[in-house]
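# prediction below, plus the sequence it came from.
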Amino acid sequence: MEIIYWNIGKDVGPEKLKHKILESLLNEIKPNVLCIAEGTRSKDDCENLISTITSLGYIVYYSPTFTSDPEYNLNYPYKPEGLKIFIKNKSDLHVPFTFDLQKEYGRIVAVHTVLNKEIVTLLFVHNYSKNGDKVVTSDQISFISNLSEWIHLKGGIVKKSHKHSIIGDFNLEPWDHVLRRDHNKSINSYFFTNHFEQEKKRRLHKSQGREFYFNPLLEHLIHNDQTNLGGTYYSLNYGWALYDYVMSSKNCSTNIKVITQTKSHIFVDSAKEQASNFLNHGFDHLPIQITIS
């Protein structure tokens, strides 16, 4: 199963060039599941993005627009930061979308898929921003706590026997304290994403009966031979940061790739940290390709 997660940035970009770059990526990789963060400041933006992707044969699983059909009379506020999730084939779904599969106004969305007759749960996330600061915010802490409870508590979104992968833009560095402490004290710990210890090669391990998740993207970047690739997010003010995570249960075999170019477009080149046209078109995150087998 091939999955693409990409935070394409807040702005749509000049002449919808973002959509053209996205089209070239999808035509090249043809993922089974696609998750897009940002890129839709308005409902019209979201509908245009949906039109672009569905024209390539994809089906909308979830978007913040829901439906404009007056028959449903939905008074649900449009949230521009809601995720947009698409699937290639309905046969890849274990169950269709229902509203209990999303939290945080669509910043956390679960997709129950089927791979070789086994249920694989994909948890797509887009945490709140630090708003230009380096300090973790209260919204970010609440987001991580809610995500953790949804996964770990009895009756949560993931059954222990099911394979699952947590994918998305955490807007946090792996060493940020919120990923190692539960400020609400309801759960001992949840995501321990620092790789600098002896157990670093294990995606998930148990300690005192709790499940801990590791972020293999950090190790992937350390051993990557791509010149100037220093993270998954780039800021002109701060440089590289590792904000996008892919964390899988130990029974879920996962390969990860940070996409630095397509056949038609270069995102990271050998001369600069990021190709100038990448930044000029409003991108700040690189797309992540996940293969689950």
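Right, received. Where do you want to start? Numbering: from 1, shown residues only.
# what about the closest residue to Gly132 other than its chain neighbours, distance to Ile59?
Leaving aside its sequence neighbours, Gly132 sits nearest to Asn237 (C-beta to C-beta, 6 or more residues apart in numbering; 7.9 Å). Just so you know, the C-beta spots here come from the backbone N, C-alpha and C atoms, and that holds for glycine as well. In this structure, Asn237 and Ile59 are 39 Å apart, going by C-beta to C-beta, to the nearest Å.
# who has more neighbours, these two?
Ile59 (14 against 5; other C-beta atoms under 10 Å).
# show me what that one bridges to in the sheet.
Counting by DSSP bridges, Ile59 forms beta bridges with Ile87.
# which ones are touching it?
86-90 (C-beta atoms under 8 Å, 6 or more residues apart in numbering).
# so where do the helices sit in the chain?
Secondary structure of the chain (DSSP state H): helices at 17-29, 43-54, 138-152, 216-222, 276-280.
# and the nearest residue to Lys88 once chain neighbours are set aside, backbone torsions?
Nearest residue to Lys88 in three dimensions, chain neighbours excluded: Asn32, at 5.0 Å (C-beta to C-beta, 6+ apart). Here is the backbone geometry of Asn32 (degrees, to the nearest 10): phi -70, psi -30.
# who's in contact with the residue nearest to Leu49 when sequence neighbours are not counted?
Ranked by C-beta to C-beta, 6+ apart and with sequence neighbours excluded, the top spatial neighbour of Leu49 is Thr40, at 5.6 Å. Applying C-beta under 8 Å, 6+ apart, we find Thr40 in contact with 12, 46, 49, 64, 80, 84.
# report the buried members of these.
The neighbour-count test (16 or more other C-beta atoms under 10 Å) marks 12, 46, 49, 64, 84 as buried among those.
# pretty sure the fourth one contacts Gln102?
The reference is to Pro64. No - look at Pro64 against Gln102 with C-beta atoms under 8 Å: they stay out of range, at 9.5 Å.
# where in the stretch 1-150 of the chain is pLDDT low?
13-15, 67-76 (pLDDT under 70).
# can you pull out the strands in it?
Using DSSP state E, counting those that start in this stretch, the strands found in the stretch 1-150 of the chain span residues 2-7, 33-37, 59-62, 84-87, 102-103, 108-115, 118-126.
# and of these, who's closest to Asn146?
Across the strands of the stretch 1-150 of the chain, Asn146 has its closest neighbour in strand 102-103 (6.0 Å, C-beta to C-beta).
# can you get me a residue count around Ala241?
The tally of other residues near Ala241 (other C-beta under 10 Å) stands at 20.
# oh, that last question was meant for Tyr245, not what I typed.
When neighbours are defined as other C-beta under 10 Å, Tyr245 has 28 of them.
# residue contacts, Leu49?
By C-beta under 8 Å, 6+ apart, the residues touching Leu49 are 19, 36, 39-40, 84.
# the helices of the chain into JSON lines, with extra columns for distance to Thr254?
Converted to JSON lines, the helices of the chain look like this (distance: least, C-beta to C-beta, whole Å):
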{"stretch": "helix 17-29", "distance to Thr254": "16"}
{"stretch": "helix 43-54", "distance to Thr254": "24"}
{"stretch": "helix 138-152", "distance to Thr254": "16"}
{"stretch": "helix 216-222", "distance to Thr254": "8"}
{"stretch": "helix 276-280", "distance to Thr254": "26"}
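# just so I know, which of the ones you listed lies nearest Ile8?
Closest of the helices of the chain to Ile8 is helix 17-29, at 5.6 Å (criterion: C-beta to C-beta).
# contacting residues around Trp6?
Taking C-beta under 8 Å, 6+ apart, we find Trp6 in contact with 22, 25, 34-37, 285-288.
# out of the residues you listed, grab the one that's most surrounded.
Busiest of the contacts of Trp6 [other C-beta under 10 Å] is Cys35, holding 27 neighbours.
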